[in-house]
Each structure stands twice: as C-alpha cells, then as structure tokens.
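Participant: Based on what follows, work out the 3D shape:
(one chain, ligands or ions: 1)
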Amino acid sequence: MLCHQCGSPVEDDAQKCPNCGVGLRRARRKTKTSAEGLRRMTMELKALDVQGLYFPPGEVIAERFKLEERIGEGSFGQVYRAEDTLIETDVAIKLFATDVLRTPIDEERFLKATRAARALTQRNVVRLHDSGVHKGHPWVSMQHLEGLSLDKVLKMRGERGQRFELDELEPIVQQITLALQHIGRDYPHGNLKPQNIILMPDLLKVTDTYVLAALAPEVFAGRADESPFVAPELRSASVVPDARVDVYSVGALIKAMVFGQEHTPGSYQGESPLEAVDALVRRAMAFDRSERYASVEALSEDFSTIVDTGLRLANAGVVSEAPAAPPAPPAPPVAPPGAPGADPLAQETAMDIGEPLEDDIATVEVKRSSQKPELIDMLPTNEVDRDAHPTSAKAPVAPAPPVAPPAEPEAPLADDAPELEERPPVVPTQVAAAPKAKTTPAKRESKSPAGLIAAVVLVVVLIAVFALNRGGEDDAAEAPEPVAQANEVSEEPQEEVASSPEADAGADVDEAALQAEREAFGALLAQAEPQTEKAVSDATQAAQTRAEELAEEARAAEAAATEAAPAAVAQADSSASSASAGNGSSASQPAQTGGATRPTQQAPRPAANATDCPPGMLLVRANAGNFCVDAYEYPGRGRTPKNRVTWFEARRLCAQDNKRLCTMSEWRSACGGAAFPYGNSYDADRCNTADEDGFERSLAAAGSFAQCRSRSGAFDMTGNVFEWVEEQRVAGGGYDSESDVASCRYSSPKAPGSGEANIGFRCCASPE
Ligand SMILES: Nc1ncnc2c1ncn2[C@@H]1O[C@H](COP(=O)(O)OP(=O)(O)OP(=O)(O)O)[C@@H](O)[C@H]1O
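Facilitator: Numbering: from 1, shown residues only. Now for the predicted structure:
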C-alpha cells in the first residue's frame with residue numbers, strides 16, 4: 001500500500017510511514033471505524049423506517065404503482081412516493097390504515113368519494129388520479145408535488161423566530177380560498193392543516209380534499225387528531241359539517257402564520273392591522289360555529305381588506321362574548337354542502353365581509369406606502385405563474401410590433417372628432433428606475449417615529465375630509481341597478497379605495513421589489529428542502545424572465561424620456577403647480593429634475609376633494625385625490641369597446657374628450673379593493689371573461705354583463721377588453737382571460753405601439 005501522506009510504498013502492517021513518519025495504522029483504523037459506523041447507522045435507520053411502513057419499497061399497487069420511499073405519515077395513513085409504471089412518472093400514493101374501512105358500506109363510500117374527487121381540477125387542488133383498496137388499505141394516487149409543506153415552512157420559520165408578513169400571507173389565504181371554493185361545491189375540506197398545504201414558488205396546492213367525505217363520520221371523528229387546525233365539532237360524529245369547519249381551519253392557519261401556534265386568539269395588543277387580524281382569527285376560530293364567518297370567502301375578503309388597507313375592520317372578529325363589542329349578528333344559515341343555496345357567494349353579506357371603519361380610512365395612506373404583496377406572486381394573477389403556466393393565462397403578451405399606424409376608430413365619436421395635437425408622452429413614472437428601485441425605504445419610513453407622527457396627523461386630516469365628503473351617504477356595498485345612468489352613479493356614495501401617492505407613483509416600482517421577493521422565497525425553499533431544487537430553479541427562471549421584461553420596460557421608458565424631454569421641461573412648471581394645487585390627476589406625472597424624470601412621490605399632495613365629474617363618469621374618492629373614471633369602456637355604454645387600439649391612440653382619444661388615461665393606481669381603485677370587481681370570489685359568468693370551462697367568449701357591448709360592476713360603479717373593469725393605463729400597461733383581462741388575469745390585481749407591461757383584438761381602454765379625468 002501507499003502512504004496516504006507522501007505516497008511512499010509501505011508494508012501493510014506498518015504502523016508508521018518509513019518515509020514521512022505519519023501514523024498509518026491509526027489513520028486506517030479511524031477511517032474504517034467511521035465508515036462502519038456510518039454503514040451501521042444507515043442500516044439502523046433503514047430498518048427503523050421500514051419498520052413502520054405498511055408495505056416495503058417495491059410493493060406494486062393496482063398492478064401499476066410501485067412504491068418507493070415514504071414521504072410522510074398522518075393520522076389516517078401514510079404517503080409514499082411511487083412510480084406509475086404505466087406512464088413512467090412519479091406519483092404520490094396515500095395509503096390509509098386498514099381500520100378506516102369497517103364495512104362494505106365504508107368501502108363504497110370511500111371509492112365513491114374519491115372517484116368524485118378525481119373531477120376536481122382547480123389548480124390549487126392536488127389532482128387525484130385513481131383510488132382503490134390494496135390488501136385492506138384504501139389508497140389514492142395523486143400528482144406528486146415537488147414542494148414544501150406549509151408545516152415545514154412554519155417549522156423552519158419558527159426556528160428562526162420568524163413570522164409571516166401579512167402581505168405574503170394574502171396570496172396564501174386567497175389560494176386556499178380558491179381551492180376550498182372549488183371543493184366546497186360538494187363537501188367542505190375539514191382536514192385543512194399545514195401538512196395538507198404544499199407551497200411551490202408560484203403556486204399553492206391543497207391535499208386531502210376528499211378525506212372528510214370518504215370516511216364514515218365516526219371514523220373521521222375517531223381519528224381526527226387533536227390537531228389545532230381541525231374544527232372542534234368534527235370530533236363529534238353527530239355534527240353535520242358545513243363550510244364553517246374550513247373557516248375554523250383557515251383562522252387557525254392564519255393564527256399560526258402570523259402569531260404562532262401558541263397564540264391565544266384575541267389577546268394581541270399592538271399594531272392596528274395585526275390587531276384586526278387577531279380579531280378576525282378570533283371570530284374564525286370561535287368554538288361555537290354560529291359565531292364564525294359564514295364562509296371562507298367572507299373571511300378571506302375581510303383578510304384582504306385588512307392587508308390592502310391596513311384598516312381595523314368595524315366588525316371583523318366581533319364575537320358575542322366580547323363584552324365591549326355589540327353582539328355579533330348570527331351568521332346567516334349555511335345551506336348543507338351541495339344543497340341549493342350553498343353557493344358561498346350567496347352567503348357573503350356586508351356583515352360577513354366587514355366594512356372598513358370610516359375613521360380608519362386615512363391610515364391607508366401610511367400603510368400602503370409599504371411594500372405590497374410579496375407572495376402575491378404565488379397567486380394565479382402573477383407573472384411568474386403565467387410564465388410557468390403559459391396556457392392558463394391568455395394575456396396579450398405577443399411580442400411588441402413596431403408602432404403601427406393607429407387603427408381607424410370604430411366609434412363615430414372618435415371618427416368625427418378633430419385631430420388633436422399629440423401631447424408629449426408622459427414618461428411612465430416608475431419604469432426608468434424599476435429594476436433597481438426598491439420600495440423598502442418607504443416601508444422603513446412608515447415605521448419611523450416621524451413617519452408615525454406624520455401618519456397620525458394625516459389620519460386626523462383625512463378623517464375630517466372624508467367625513468365632510470361622505471356626509472350622510474350610505475355605503476355602496478350593494479351594487480345598485482346595473483342600468484343606472486352613469487352620471488347618476490357619480491352622485492352615489494363611492495367606495496373609499498386604498499391608495500397613496502407612493503403607491504400611485506410607484507405601483508410598478510413595486511414590481512421590482514416583488515421580483516426580489518420571488519427570488520427570496522425561492523431561496524427560502526432551497527435552504528429548507530433539497531427536493532425543491534427544481535421548483536426553485538423554475539422560480540429563478542421565471543424571475544429572470546420578469547427581470548428581462550422590466551429591463552425592457554426601463555429601456556422603453558428611457559427612450560420615451562429622451563424624446564419627451566424638451567416638451568416636458570417646458571411643461572414642468574405647470575405640472576408642478578398643478579401638483580401642489582392638489583390635482584388628483586397629476587399623481588402619475590413625473591417631476592422634472594434637470595432632464596431626469598422621477599415620480600412626485602416625495603411631495604404628498606393634499607387630497608383633491610372636488611366631486612363634479614363629466615357626464616358618463618363616476619367619482620372615485622381616493623386618498624391621493626378624487627378622480628373621475630368612465631363608467632364604461634370607451635366609447636361608452638352599449639357600444640362595442642374600441643379595441644386594437646395602441647396606447648398612443650388611447651391617450652389621444654381620451655384627450656379629445658378632455659380626459660386622460662387612468663393611472664394604474666386609479667384603475668385599481670376604480671376596480672375596487674378586492675380581487676375582482678364584485679369581491680374576492682371568482683365567478684366566470686359575472687364578467688365577459690373566458691367561460692367556466694376556459695373557453696373564450698367574444699367582445700361584447702360595454703355594460704352588457706350587468707353584474708360585472710365594481711363598487712365604484714364601473715362596468716367591465718375585468719373582462720371584455722384589457723385596458724390601457726398611463727403607465728403603458730394593460731389591466732383587467734379580456735373576453736378570453738381566466739381568473740388569474742381577469743382580476744383587479746392583474747396588469748402587464750405592454751409595448752405602447754401594440755394594439756390587439758382584446759385591448760381597449762377607458763378614460764379618467766379630474767373632478768371639478
Ligand atoms: N401529493 C403529494 N405530494 C407530495 N407530498 C405530499 C403529497 N400529499 C401529501 N404529501 C406530504 O406527505 C406528508 C404526509 O401526508 P398526510 O396527508 O398523510 O399527512 P397529514 O395530513 O398530516 O395526515 P392526515 O391527512 O392523515 O391527517 C405531508 O407532509 C404532506 O405534505
């Protein structure tokens with residue numbers, strides 16, 4: 001043998017190298033010992049692992065699924081990774097304990113429920129493939145997810161003393177809601193807990209959707225562990241479960257993510273939004289289910305309102321035992337699952353969703369200056385997700401053609417109108433700095449003492465302004481008759497929509513920070529679990545794509561800035577003076593500083609409180625200033641929206657009517673504070689979007705989908721045509737979009753010269 005130190009030949013039994021003197025025997029013995037120890041430990045671990053297995057690796061189920069290693073184990077059974085030998089792909093197999101099937105009736109129930117669950121195809125629900133019984137063990141096969149369970153993420157964060165931020169929680173709650181909505185058509189989930197929520201960089205999936213339905217109530221009740229996430233009534237076989245079991249679980253999940261597992265709901269004292277979340281959790285987790293939210297949608301909507309506005313809701317979390325609070329009205333009766341009237345939307349009352357306290361409205365200004373959604377990009381609305389699922393989002397993302405000559409307007413209005421001299425293009429407020437810009441400084445500012453004092457002053461001033469403006473008006477939560485004249489609508493009370501100058505001007509700067517968040521989340525996953533490598537690389541890929549988009553956008557903005565510079569400089573004074581006069585419309589106008597452009601976010605303007613809108617426009621009150629928005633897509637009610645319109649042409653046509661394109665922030669405000677104009681629950685039939693089966697509809701006359709109306713009164717904010725906004729983005733989705741795009745939260749950068757069949761616009765204006 002050779003000396004490991006100097007390579008000299010040595011005798012096998014030599015204790016030292018004759019050349020360099022290194023101790024050979026000791027070194028050899030040590031290596032041997034550690035290798036043996038490792039081998040022994042591995043054997044022991046394997047034996048241990050195999051010990052508790054229902055079946056050893058290699059067992060074939062249904063002549064098709066070859067079991068590999070166990071992924072995990074819960075109160076009902078074990079989950080294995082397996083190979084589907086038929087199609088040579090990985091699947092997950094959940095094998096239940098034998099005693100969950102006591103009689104043939106139990107078996108029939110299991111097979112029937114799992115067969116029904118195979119029809120669940122919503123993207124936030126783990127897809128079930130097959131089911132059966134193998135040697136007494138009921139089983140299901142399902143897609144194998146390369147993700148990380150929420151349980152693991154919670155543990156990982158818990159070890160570091162970290163909690164979820166509200167912003168990153170929102171997409172999680174929303175996607176859980178979407179999943180529950182889908183499965184809840186037949187039965188509630190009932191077993192929703194962190195182990196059954198699998199996170200991937202751009203998507204979340206819920207597992208075990210069928211278990212409650214598949215097992216006899218006594219079996220479920222007997223095995224429903226003491227999990228703090230399972231509603232207490234499910235431990236009794238005599239209680240018929242309804243949607244409120246999931247309300248409880250979602251409340252418990254929010255509690256765990258925001259406050260930690262040990263937190264007692266209702267005991268938090270601190271920042272207003274967290275206090276509101278605590279109250280919401282308390283209501284959701286009320287022992288008596290009649291005191292809970294009636295539906296997960298209602299809870300989710302309340303939660304989004306808190307996150308979006310930073311408000312303490314008037315009645316979130318009001319439960320009857322709270323001595324100081326007025327008694328909570330009984331939750332509306334919940335129809336049994338599957339029964340007519342079980343539609344969760346139907347249960348969404350104003351009381352359920354809670355209404356913002358008027359005197360909290362002004363806090364929006366401060367709250368919204370902080371960075372907006374982070375894991376929001378796990379939502380179906382996000383761009384990463386679109387990249388990952390190109391077929392599901394029919395966004396107008398065709399490569400930008402060269403600037404085409406404007407198409408002939410279809411509307412006589414536009415045809416007849418005299419050509420106006422084109423204004424120098426307003427440079428998008430955000431994009432020049434987007435790739436580097438981070439809004440975190442704004443976040444820090446909002447937490448500084450000076451910021452807080454300023455916020456308090458602002459709150460007081462804005463409360464006063466708001467109270468004056470609102471007078472004795474009623475809340476507009478109930479949608480008025482859709483046929484109401486638009487200019488009459490402008491007299492109606494309008495929803496106060498969260499907004500801030502920072503958010504207005506920096507809406508898309510946020511995109512850059514979102515980007516970083518995506519990557520951060522990807523990195524988080526990578527640290528936690530090697531098996532998520534693929535998922536992380538997908539996320540990184542998507543992030544790179546998005547970064548390229550942003551860079552492209554920045555280049556376009558720079559070019560526009562160069563072009564616009566001379567004229568813009570000439571206009572600088574008037575822009576500045578109109579900004580200081582509190583003109584709400586100037587929120588998006590860039591301030592000129594020696595030829596460089598930047599948003600005016602440094603100088604918050606007093607809220608404009610003018611209220612007179614031109615005919616056909618609706619008044620929207622926002623903290624950044626009131627503004628008017630067209631009630632219908634251009635050219636107006638009952639007309640086919642002008643489509644195939646470029647951004648340049650859309651601006652010109654608005655200018656012809658003494659209007660302007662809406663800013664991104666205004667557009668979002670007009671769309672309302674929820675995910676969709678009508679709330680947080682998607683309804684494929686409410687707006688002119690792709691239908692329930694994903695098939696595209698066609699362009700429809702503006703306003704013909706009478707229920708597609710936002711709280712501000714605007715029709716077709718989602719669906720029909722994507723709408724141009726000032727920032728050279730398109731928003732809201734078209735007749736071919738699904739829930740991920742036909743949303744108030746969706747927007748996409750778009751080359752200003754491109755006009756497509758599903759792109760149109762509406763105008764905004766400043767009230768007099
Ligand atoms: N389709 C899947 N792909 C990947 N991992 C999965 C899949 N289904 C479940 N798992 C993981 O397997 C583990 C065990 O799941 P299981 O459903 O048995 O646990 P549980 O939900 O804690 O218990 P139970 O549902 O029996 O009460 C969990 O960590 C879960 O995240």
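Participant: Pick out the residue of the stretch 51-200 of the chain closest to the ligand.
Facilitator: Of all residues in the stretch 51-200 of the chain, residue 74 sits closest to the ligand, at 1.5 Å by Cβ to the nearest ligand atom. C-beta: built from backbone N, CA, C; applies to glycine.
Participant: And for the stretch 251-400 of the chain?
Facilitator: For the stretch 251-400 of the chain, Cβ to the nearest ligand atom, closest residue to the ligand: residue 253, 13.1 Å.
Participant: shouldn't that residue be in contact with residue 175?
Facilitator: No - under the contact definition of Cβ atoms under 8 Å, residue 253 does not touch residue 175, with a separation of 11.7 Å.
Participant: any idea whether the nearest residue to the residue of the stretch 51-200 of the chain closest to the ligand once chain neighbours are set aside is helix, strand or coil?
Facilitator: Leaving out its chain neighbours, the residue that sits closest to residue 74 by Cβ to Cβ, 6 or more residues apart in numbering is residue 195, at 6.2 Å. Under DSSP: H, G, I helix; E, B strand; the rest coil, the three-state class of residue 195 is helix.
Participant: Tell me how many other residues crowd residue 638.
Facilitator: Residues lying near residue 638 (other Cβ atoms under 10 Å) number 10.
Participant: got the contact list for the residue nearest to it when sequence neighbours are not counted?
Facilitator: Excluding the flanking residues, the one nearest residue 638 by Cβ to Cβ, 6+ apart is residue 701, at 5.2 Å. By Cβ atoms under 8 Å, 6 or more residues apart in numbering, the contact set of residue 701 is 638, 639, 640.
Participant: Neighbours of the residue of the stretch 51-200 of the chain closest to the ligand, how many?
Facilitator: Neighbours of residue 74 under the rule other Cβ under 10 Å: 19.
Participant: from the stretch 601-750 of the chain, which residue is nearest to the ligand?
Facilitator: Nearest residue of the stretch 601-750 of the chain to the ligand (Cβ to the nearest ligand atom) works out as residue 740 at 22.1 Å.
Participant: if I look at residue 640, how far off is residue 629?
Facilitator: 20 Å (Cβ to Cβ, to the nearest Å).
Participant: again, but for residue 684
Facilitator: In this view, residue 684 and residue 629 are 25 Å apart by Cβ to Cβ.
Participant: Look at those two and report which has more neighbours.
Facilitator: Using other Cβ under 10 Å as the criterion, residue 684 and residue 629 rank with residue 629 on top: 29 against 17.
Participant: Mind checking what secondary structure that one has?
Facilitator: Three-state call for residue 629 (three-state DSSP): strand.
Participant: so what's it closest to, chain neighbours aside?
Facilitator: The shortest distance from residue 629 to any non-neighbouring residue, by Cβ to Cβ, 6+ apart, is to residue 670 (4.3 Å).
Participant: can you pull the contacts of that neighbour?
Facilitator: By Cβ under 8 Å, 6+ apart, residue 670 lies in contact with 497, 618, 620, 629, 662, 710, 712, 714, 717, 764.
Participant: go with 6 Å
Facilitator: Contact partners of residue 670, counting by Cβ atoms under 6 Å, 6 or more residues apart in numbering, are 620, 629, 712, 714.
Participant: out of these, which is most surrounded?
Facilitator: Neighbour count (other Cβ under 10 Å) singles out residue 620 as the most crowded of the contacts of residue 670, with 31 neighbours.
Participant: Helix or strand: which one has the residue nearest to that one when sequence neighbours are not counted?
Facilitator: Closest residue in space to residue 620, ignoring its immediate chain neighbours: residue 712 at 4.8 Å, by Cβ to Cβ, 6+ apart. For residue 712, there is no enclosing helix or strand under DSSP states H and E.
Participant: Just the pLDDT for residue 712.
Facilitator: Each residue has a pLDDT score; the one for residue 712 is 89.
Participant: now swap in the one 5 residues further on and tell me
Facilitator: Per-residue confidence at residue 717 stands at 97 (pLDDT).
Participant: which one is it nearest to, not counting chain neighbours?
Facilitator: Closest residue in space to residue 717, ignoring its immediate chain neighbours: residue 671 at 4.2 Å, by Cβ to Cβ, 6+ apart.
Participant: Also residue 742?
Facilitator: Of all residues not flanking residue 742 in the chain, residue 733 sits nearest, at 3.3 Å (Cβ to Cβ, 6+ apart).
Participant: what about the one you found, neighbour count?
Facilitator: 34.
Participant: what do you get for residue 66?
Facilitator: When neighbours are counted by other Cβ under 10 Å, residue 66 registers 17.
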